[in-house]
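J.: how would this look folded up:
(one chain, ligands or ions: 1)
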Amino acid sequence: MEILHLRNATIKLNYGGLTFLIDPYFAELHSEPSMGGKSKNPTSALPIQISKIIHHVDFVIISHLHPDHFDRLAQQKIPKDQAIICQPGDQKSIQSMGFTQVIPMQEKMILGKTSIYQTSGAHGFGKMAEIMGPVSGLVFQNETEFTLYWLGDTVFGEEVKNQINRFDPQLLICHAGGNKFFKTFDFLGLGLKEDTSPLIMDSKQLEELIRFAPKCKIIATHLNALDHETESKESLERMLAENGFPADRIYIPQNGERLHF
Ligand SMILES: [Zn+2]
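T.: Sure, this is the predicted structure:
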C-alpha cells in the first residue's frame, strides 16, 4: 500500500488496487478562522495541487463532517458524481451538497477484494465527546496487504483497544495533535471555565497506544495544520525518544510524504 500524507487528516491511500481519498480538507493557508486564538487556519499549506489530489480517486471517505475533515473548498472541488463513503448519519447532508453517489458506511463493506469495517470512537472525553458528535474510523483488510486500522478522530480508549484485539492490524494511523478548545478563546462558545481535555490523541495517549499495540507500526497524523493543537512533530518525537521507542515503528510524516508498506 501507499499512504500519501497530505495535511491534517487528509491522506490518499492506495490499498488493494483501489485509491481512497480520506477526509479532504483543502482550505488555503490561513483562509479560515482561528480555533485556538493563535493563528488563522490552516497553519500549513497543501503540498500538492488540488486537481492532482482529486485525480484518479475511486472512493472519497468522510469520517465526520467537521470542517477540518471536509471543508467548503473540498465540497466545491470534488466532482459531484464522485463516490463518497460516509457515516450513515451524514449521508443526507452530503447529498444536499449536490453529491449523487453517497454510500453510507456499513459494519462491513466489500470493495473489490478489500473488506472495510466501520469502527467508532470518542472525539474527546466525557461531555466533550457528546458535544463533538459521532465519529468513525475504518479497518482495511485484503489478502495481499497488511491490515490497516485508521482510527479517525478519537481519543485512545476501549473502542480502539477492542478493534486492535479484534483485527490484529499490522498498521495503525492515529490522529495525535492533542487538539483542545481553550478557555481564553472558547471557539464554540461553550462557556469554558478551563481548557477542554484533548479531543483527539495527544502525546500521552500515543504513548499508551504504542505500549498497548507493541507489534503495530503506527503513523501519527492530524498535526501541523490547526492552531488549537497542543502537540507537534517535535513534541511527539521528544516523547518517542524519552521512552526509547524504536524509530522504525512510529512515523510522523511531513505534508506530502509518501509511505510504503
Ligand atoms: Zn479533526
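J.: can you pull out the strands in the stretch 51-200 of the chain?
T.: Listed in chain order, the strands of the stretch 51-200 of the chain (DSSP state E, counting those that start in this stretch) span 59-62, 84-86, 102-104, 108-111, 114-120, 136-141, 148-150, 171-175.
J.: Deepest in the core, which of those is it.
T.: Using mean count of other CB atoms under 10 Å, the stretch among those with the greatest mean number of neighbours is strand 148-150 (a mean of 27). C-beta: built from backbone N, CA, C; applies to glycine.
J.: quick one: contacts of that one?
T.: The contact list for strand 148-150, computed with CB atoms under 8 Å, 6 or more residues apart in numbering, reads 1, 13, 15, 22, 119, 137-140, 163-164, 167, 169-173.
J.: Does the ion have contacts with it?
T.: No - contact of strand 148-150 with the ion is not found when judged by CB under 5 Å from the ion; the minimum separation is 12.9 Å.
J.: just to revisit the earlier point, TSV for the strands of the stretch 51-200 of the chain, including mean pLDDT?
T.: Converted to TSV, the strands of the stretch 51-200 of the chain look like this (pLDDT from 0 to 100):
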stretch	mean pLDDT
strand 59-62	98
strand 84-86	97
strand 102-104	97
strand 108-111	97
strand 114-120	96
strand 136-141	96
strand 148-150	98
strand 171-175	98
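J.: if I look at residue 89, how far off is residue 118?
T.: Using CB to CB, to the nearest Å, we find residue 89 at a distance of 12 Å from residue 118.
J.: quick revisit: would you check which of the contacts of strand 148-150 are in contact with the ion?
T.: With CB under 5 Å from the ion as the criterion, the subset of the contacts of strand 148-150 in contact with the ion is empty.
J.: would residue 209 count as being in a strand?
T.: No - secondary structure assignment places residue 209 outside any strand; it is helix (DSSP: H, G, I helix; E, B strand; the rest coil).
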